[in-house]
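S.K.: Based on what follows, work out the 3D shape:
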Amino acid sequence: MFTFNRFLSSIFVLSCVINGCLFKELPDYIHVCQRDPATINDCVVKSIESLRPQLTNGIPELGVPSIEPFLINEIKALTSDNTLIRASGHNIKVTGASAFVIKSLSVDLDTLKIRVRLRFPKLHFEGDYKLDAQVLIVPLKGEGQLNADAVKCDAELVFHSQIITKDGVEYVKFKKIEADISIKDYRVKLDGLFNGDKTLGEAANQAINQNRGEFLKATKPHLEKTVATNLLRVANNIVDGLTLDQLFPKP
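M.R.: Sure, this is the predicted structure:
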């Protein structure tokens, strides 16, 4: 029998469809955390850990790419103080990112600002490069393939959130991500320097690695910007259409 309550429910669903306010169903792999200062930090850490398999393989339905490997379309290194550097990398494939370790995490429940420190024990990079630099008095030019290994890569990330109200319902949106990246050490090998001359190429790679601090300094700003931009898109894809009460219900 078509009861009055079912009639009201039908009207409500029809209204939601017309106004575009049907909430997205929360995926099983996203674990919610209550807005409780005593438990929120540990809960979010556990939620990220439970999300690790999906992040590793990617979540196509949410537009979230795989982080194993993680692809960077372009990265640039510009002139630093002591060394003339103009370099760029393209189609960089990064492996090892899925082994990240969460060093610390805090959530400010008043502003929903999330601060997290991550450690990537080892990362491997492969891709294409173009280089025009001068190390001391040695000019370095070339283009070709690059291979690099970096160890103890630390990233401090700050997620700035805002609450968007639509049809009386509150949603979470990330408006900005700050990234501070430091790399303990790395080694790089560039093929194609000096038109492939093996002797000169080996000497040039040695010079580059001896001055890797300058190259890292020149790369850092663009690397941080690239990481922040990609993470912002991924983070918003994950929470898109989910309400504040779905993600962080009140205790």
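
S.K.: And the strand ranked longest in the chain, how far out from the chain middle?
M.R.: Ranked by residue count, the top strand of the chain under DSSP state E comes out as strand 138-166. Centroid displacement of strand 138-166 relative to its chain, using C-alpha atoms, centre = their mean, to the nearest Å, is 8 Å.

S.K.: Next: stretch 204-213.
M.R.: Relative to its parent chain, stretch 204-213 has a centroid offset of 27 Å by C-alpha atoms, centre = their mean.

S.K.: check contacts around the spatially closest residue to D132 that is not a sequence neighbour.
M.R.: Ranked by C-beta to C-beta, 6 or more residues apart in numbering and with sequence neighbours excluded, the top spatial neighbour of D132 is R86, at 4.4 Å. Every C-beta, even on glycine, is put in place using the N, C-alpha and C of the backbone. R86 is in contact with A77, L78, T79, L131, D132, A133, counting by C-beta atoms under 8 Å, 6 or more residues apart in numbering.

S.K.: Just give me the closest of the residues you listed to V234.
M.R.: Using C-beta to C-beta, A77 comes nearest to V234 of these, at 24.3 Å.

S.K.: ok, now how distant is K152 from T226?
M.R.: 20 Å (C-beta to C-beta, to the nearest Å).

S.K.: For the two, indicate the residue with more neighbours.
M.R.: Neighbours per residue (other C-beta atoms under 10 Å) separate K152 from T226, with T226 holding more: 18 against 14.

S.K.: follow-up on the earlier one: residues of the longest strand of the chain that come out buried?
M.R.: Under the neighbour-count criterion of 16 or more other C-beta atoms under 10 Å, strand 138-166 has L140, G142, E143, L146, A148, A150, C153, A155, L157, F159, S161 buried.

S.K.: Local confidence estimate at S80?
M.R.: In this model, S80 is scored at 54, pLDDT.

S.K.: just the one 4 residues further on next, same as before
M.R.: The predicted local confidence for L84 comes out at a pLDDT of 71.

S.K.: show me the contacts for it.
M.R.: With contacts defined as C-beta under 8 Å, 6+ apart, the neighbours of L84 are A133, Q134.

S.K.: Bridge partners for it, pull those for me.
M.R.: Q134 (DSSP bridges).

S.K.: just to revisit the earlier point, which secondary structure element is home to the residue nearest to D132?
M.R.: strand 84-95 (DSSP states H and E).

S.K.: ditto for T226
M.R.: Using DSSP H and E, T226 sits in helix 212-239.

S.K.: residues of that helix that come out buried?
M.R.: Residues 212, 214-216, 218-220, 222-224, 226-228, 230-232, 234-236, 238-239 are the ones in helix 212-239 that count as buried (16+ other C-beta under 10 Å).

S.K.: Ok, stretch 243-251 next?
M.R.: T243, L244, Q246, L247, F248.

S.K.: first to last residue in it, what's the distance?
M.R.: One end of stretch 243-251 sits 16 Å from the other (C-alpha to C-alpha, to the nearest Å).

S.K.: just stretch 26-43 next, same as before
M.R.: OK, stretch 26-43 end separation, C-alpha to C-alpha: 17 Å.

S.K.: Same question for stretch 93-110.
M.R.: End-to-end distance (C-alpha to C-alpha), stretch 93-110: 38 Å.

S.K.: Run through who's touching it.
M.R.: By C-beta under 8 Å, 6+ apart, the surrounding residues in contact with stretch 93-110 are 35, 37, 40-41, 44-45, 48-49, 52, 55-56, 67-72, 113-127, 154, 248.

S.K.: Among those residues, name the ones in helices.
M.R.: Within the contacts of stretch 93-110, residues falling in helices by DSSP state H are I40, N41, V44, V45, I48, E49, R52, L55, T56.

S.K.: PyMOL command for the buried members of these?
M.R.: To isolate the buried ones among the ones in helices among the contacts of stretch 93-110 in PyMOL, judged by 16+ other C-beta under 10 Å, type:
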select buried, resi 40+41+44+45+48+55
